[in-house]
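>>> when you get a sec, could you give me coordinates for this:
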Amino acid sequence: MDCSDFTDTYIKKSSDNALAFFKAKGHSDKMAAEIMAYKLRLIISKSGNEWTLSRINSNGKQHTLKFELDKEFDEILPNGHIAKSIVSAGNGCKQFIHKQLDGELEIKFIYDFNNSEPVVTGIIGGVTAKWFFAKD
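Okay, here's the model as predicted:
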């Protein structure tokens, strides 16, 4: 499978344990609840060797990654911090594995495209959350 097979626009259907995930990232209860209430759109595209992965909230905030697989880059986080990040392909190129180091906080996102409805798993410390998407 060519990784470009999953370039598309997706919308979040549901999530599991996301509130605990955002709290583990250091968000207040109020902020974590606000983030949970947003509708989330995920847009993935590719041009040459460069991938673009955008997460857009219904409040208009957008977080975009531009990267080449297996090349470390500086990621500007929504809070303004700069994290050292790398995205690799996994599971026969049916996954993106995004590792992010924000100071001493290590976060891992696995974008799993094994079927037509992607699942994004976020891992921070001992907390794991999942977001379930469908094509928009």
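>>> please compute how far the helix or strand containing I35 lies from its chain's middle.
Secondary structure assignment for I35, by DSSP states H and E: helix 29-37. For helix 29-37, the separation from the chain centroid amounts to 17 Å (computed by CA atoms, centre = their mean, to the nearest Å).
>>> now the element after that helix, going C-ward?
Next in sequence after helix 29-37, counting helices and strands by DSSP H and E, comes strand 40-47.
>>> just checking, what packs against that following strand?
strand 8-16, strand 50-57 (3 or more CB pairs under 8 Å, 6 or more residues apart in numbering; DSSP states H and E). The C-beta positions use only the backbone N, C-alpha and C, and glycine is treated the same way.
>>> would you turn these into TSV with mean neighbour count and mean pLDDT?
Formatted as TSV, the helices and strands packed on strand 40-47 follow (neighbours: other CB atoms under 10 Å; pLDDT from 0 to 100):
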stretch	mean neighbour count	mean pLDDT
strand 8-16	15	93
strand 50-57	17	93
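>>> could the ones you listed be laid out in JSON lines, adding distance to T64?
Listed next are these as JSON lines, based on distance: least, CB to CB, whole Å:
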{"stretch": "strand 8-16", "distance to T64": "14"}
{"stretch": "strand 50-57", "distance to T64": "4"}
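>>> where does the chain have low pLDDT?
Within the chain, the ranges that satisfy pLDDT under 70 run 1-2, 4.
>>> which residues does the residue nearest in space to the middle of it contact?
Centroid-nearest residue in the chain: F109, 5.6 Å away (criterion: CA atoms, centre = their mean). By CB atoms under 8 Å, 6 or more residues apart in numbering, the residues touching F109 are F96, I97, H98, Q100, V120, T121, G122, I123.
>>> how about F96?
W51, L53, V87, S88, A89, G90, F109, I110, Y111, F113.
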